[in-house]
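Asks: dropping the sequence and predicted coords here.
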Amino acid sequence: MNHISPEFKLISDWITEDSRVLDLGCGDGQLLKYLIDTHNITGYGFEISPEKTIQAMEKGINVIHSDLNNHDICEYFDEDSFDYIVMTQALQVVSRPDELLDEMLTVGKQCIITFPNFGHWRNRLQLMFSGQMPETETLPYHWYDTPNIHMCTFNDFENLCEEKGLEVVARTVVNSEHRSTFGMRIAPNLLGEVALYKVQKKAL
Amino acid sequence: MSTDSQILDEVVIPEYLKIDTPLKLTSGSVLPSYELIYETYGELNEDKSNAILVCHALSGDHHVAGVDKDGKPGWWNGYIGPGKPVDTNKFFVVCSNNLGGCRGSTGPTTINPETGKVYGPDFPIVTCEDWVQSQNELRKHLGVDKWAALIGGSMGGMQVLQWAIDYPDKLEHALVIAAAPKLSAQNIAFNEVARRAIMSDPDFLEGRFIEAETIPKQGLSLARMLGHLTYLSDDMMGTKFGRELREDKLQYNYEVEFQVESYLRYQGEKFATKMNFDANTYLLMTKALDYFDPAAKYDHNLSEALAKATAKFLVVSFTSDWRFSSQRSHEIVKALLDNDASVSYAEVESQHGHDAFLLPNTHYEGVFKSYMQRVYDDTLQNSKSNQGEQ
């Protein structure tokens, strides 16, 4: 029952027991279900896909049908309503990632975000040598049908955090199998494929 | 919704509950005694943990599922029955006609014991709270300590909200479908026009039309046409009727020319004659809707009104419903979230307007079914813990 993807396992290691969690783009509710079973968390999932909403409900998850582009979360929740706002592999698909990040850090104390690194060397090589938009295991789409409308590199993301006065509390950089190597720790923006970030507002 | 399940539909015979405990109504009036007509489906289990109460909408009644003795299917038969989202192989489903109704429960068409004549306009105005209070007597009569779930669409959904507020420990789950936390000015305005249509019909006779052996057919049918219009969406009417004509060319007169006119007239007529809906009941139901505003007692704060509610909620809205739009359901969801309540919300894509909650829809069925599975799992859980206590 507790079989879980490596990415979700890494995220769950960052979440303290008995905390309140909001999962944006919760999909079929796998992560929340795992966190409820293993970490005794309470919380909600937001999901836009009807099919996935139903799958999440089947797991007994409290899921709110919602489009993250509609600024729903600030409408629904007060400031600091959650210990963690989790968003896995969805930052790059929303219309304004920067605005969403603000909203997330309004209703949550900390954000845990994962996204694919556009600066990975294979992406750089494909663009440089074939002159075409990269298609890889982590980015398995064509340029014209990709849902990833706001790709960024780890550096881009960290720059945005800096501009917004956000503190990167923790970062884990992994490959597509969610393993970390020595090289990724030395040159994450070149060698890492997926990053997990935990960010919060800088203490004034 | 399959033809197989239609064949399996059992014939249901309604039952009556006579209640002699006087009912103190919100208005201050007292009903010394009254009767509720209700139907049940499925079997109540041994520890009585699988009972579900369904609340009906404005023109609905107790006949929610199965077929009646005349072969007429229940109004929510697509969703309630063996193997359906509300599975009567698992649940014991109850539905009663609201007090003030005209389908068998005490209301304007029944005899007033004090006068020996039909109540007509003398039947006191009842509210959602009064309905809930009367249904609580039904709960006691059935020996159910706690409903596994309360389910209702439209006005029925509001009644479910009222239940969750008034008797928080008497329900485990609350399914609030295509509802609103209160009526908007526009909603009230539509109701008022409907009421004016009825009351200005010469045959209304200040509500004493039954004694005069007539019915305010024109007024009632107009009210229904207007109501019906608000249940449909512009898109759906466009698709279904467009500007299609009954004859092949314009007549340049005031007869029925467009198909949509003919359709609405038919719906109005049917309601007033074939369905024989009582005009006083229509007035009363629309008034109860107008009065519904559970937040009013809590400084108009819905979150506070729902603070006592302990039920787990499913809220469902439909994209093309403009009578009780998704935004209205968001208000309910937001108030529940404010209380850290257990709540799920589905916004179902549909072209069918407010009526969508009665119609087949894959997403809706999926949500309904998976949530009812959760309700069922909880009843099993409760059975186990009850056995543990013994």
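Replies: Ah, there it is. Numbers count the residues shown, from 1 in each chain, chains lettered A, B, ... in the order given.
Asks: isn't B:Ser188 up against B:Tyr291?
Replies: Let me fix one detail, which is that residue B:188 is Ile and not Ser. No. No contact is recorded between B:Ile188 and B:Tyr291 when judged using Cβ atoms under 8 Å, the distance being 9.8 Å. For glycine as for every other residue, the C-beta is placed from the backbone atoms N, C-alpha and C.
Asks: which residues touch B:Leu23?
Replies: If you count contacts by Cβ atoms under 8 Å, 6 or more residues apart in numbering or on different chains, B:Leu23 has them with B:Val30, B:Leu31, B:Tyr34, B:Leu99, B:Asp130, B:Gln133, B:Ser134.
Asks: for chain A, state which of these is nearest.
Replies: Among the contacts of B:Leu23, B:Gln133 lies closest to chain A (Cβ to the nearest Cβ), at 30.0 Å.
Asks: now that closest one: how far from B:Pro181?
Replies: B:Gln133 sits at a distance of 20 Å from B:Pro181 (criterion: Cβ to Cβ, to the nearest Å).
Asks: of the two, who's got more company?
Replies: B:Pro181 (22 against 19; other Cβ atoms under 10 Å in any protein chain shown).
Asks: for the more buried one, report the pLDDT, please.
Replies: Reading off the confidence values, B:Pro181 has pLDDT 98.
Asks: pretty sure it contacts B:Leu302?
Replies: Yes. Counting by Cβ under 8 Å, a contact exists between B:Pro181 and B:Leu302, whose distance comes to 5.2 Å.
Asks: joint contacts of these two?
Replies: The contact sets of B:Pro181 and B:Leu302 overlap at B:Pro294, B:Ala295, B:Glu331, B:Ile332, B:Ala335 (Cβ under 8 Å, 6+ apart).
Asks: checking my notes, the third one in a helix, right?
Replies: Right, the one you point to is B:Glu331. Yes. The assignment for B:Glu331 by DSSP: H, G, I helix; E, B strand; the rest coil puts it in a helix.
Asks: who's in contact with it?
Replies: Each residue near B:Glu331 by Cβ under 8 Å, 6+ apart is listed here: B:Ala180, B:Pro181, B:Leu302.
Asks: tell me the pLDDT at it?
Replies: Reading off the confidence values, B:Glu331 has pLDDT 97.
Asks: swap in the last one?
Replies: Confidence per residue is given as pLDDT, and for B:Ala335 that number is 97.
Asks: tell me how many other residues crowd it.
Replies: The burial count for B:Ala335: 23, using other Cβ under 10 Å.
Asks: surely it and B:Ser303 touch.
Replies: Yes. Contact between B:Ala335 and B:Ser303 holds when scored by Cβ under 8 Å: they sit 4.4 Å apart.
Asks: where along chain A do the strands fall?
Replies: Taking DSSP state E as the criterion, chain A carries its strands at A:20-24, A:42-47, A:63-65, A:82-88, A:108-116, A:166-174, A:194-201.
Asks: single out the most deeply packed of the ones you listed.
Replies: Stretch with highest mean neighbour count among the strands of chain A: strand A:63-65 (a mean of 27; mean count of other Cβ atoms under 10 Å in any protein chain shown).
Asks: elements contacting that strand?
Replies: Taking 3 or more Cβ pairs under 8 Å, 6 or more residues apart in numbering or on different chains; DSSP states H and E as contact, the helices and strands that strand A:63-65 lies on are strand A:42-47, helix A:50-58, strand B:343-348.
Asks: ok, which of the ones you listed comes nearest B:Lys72?
Replies: Taking Cβ to Cβ as the criterion, B:Lys72 comes closest to strand B:343-348 out of these, the separation being 26.7 Å.
Asks: show the average pLDDT along the closest one.
Replies: Strand B:343-348 carries an average pLDDT of 98.
Asks: would you mark the buried spots in stretch B:209-216?
Replies: B:Phe209, B:Ile210, B:Ile215, B:Pro216 (16 or more other Cβ atoms under 10 Å in any protein chain shown).
Asks: helices and strands of the chain: which one bottoms out on pLDDT?
Replies: In the absence of a named chain, chain A is used. Taking mean pLDDT, DSSP states H and E as the measure, the helices and strands of chain A show their lowest mean at helix A:182-186, namely a mean of 82.
Asks: packing partners of that helix?
Replies: Counting by 3+ Cβ pairs under 8 Å, 6+ apart, the packing neighbours recorded for helix A:182-186 are strand A:166-174.
Asks: now the angle between strand A:108-116 and the strand it packs on, please.
Replies: 40 degrees (axes from the mean of the first three to the mean of the last three Cα atoms, to 10 degrees).
Asks: any idea how far B:Lys217 is from the residue lying closest to B:Gly219 once chain neighbours are set aside?
Replies: In this structure, B:Gly219 finds its nearest non-sequential neighbour in B:Asp201, 3.0 Å apart by Cβ to Cβ, 6 or more residues apart in numbering or on different chains. Counting by Cβ to Cβ, the gap from B:Asp201 to B:Lys217 is 7 Å.
Asks: quick check: residues of chain A near chain B?
Replies: Taking Cβ under 8 Å from any Cβ of the partner chain as the measure of proximity, chain A contacts chain B at A:42, A:44, A:50-51, A:53-54, A:57-58, A:60-66, A:75-78.
Asks: list the residues that contact the closest residue to chain A within the stretch 1-150 of chain B.
Replies: Here the stretch 1-150 of chain B gets closest to chain A at one residue, B:Pro85, 11.6 Å apart by Cβ to the nearest Cβ. Residues touching B:Pro85, when contacts are defined by Cβ under 8 Å, 6+ apart, comprise B:Tyr79, B:Glu365, B:Phe368, B:Lys369, B:Met372.
Asks: what's the local residue count around residue 104?
Replies: All of this refers to chain A. One way to gauge burial is a neighbour count; for A:Met104, by other Cβ under 10 Å, it gives 25.
Asks: you answered for a different chain; I wanted chain B.
Replies: As a measure of burial, B:Gly104 has 21 neighbours, counting by other Cβ under 10 Å.
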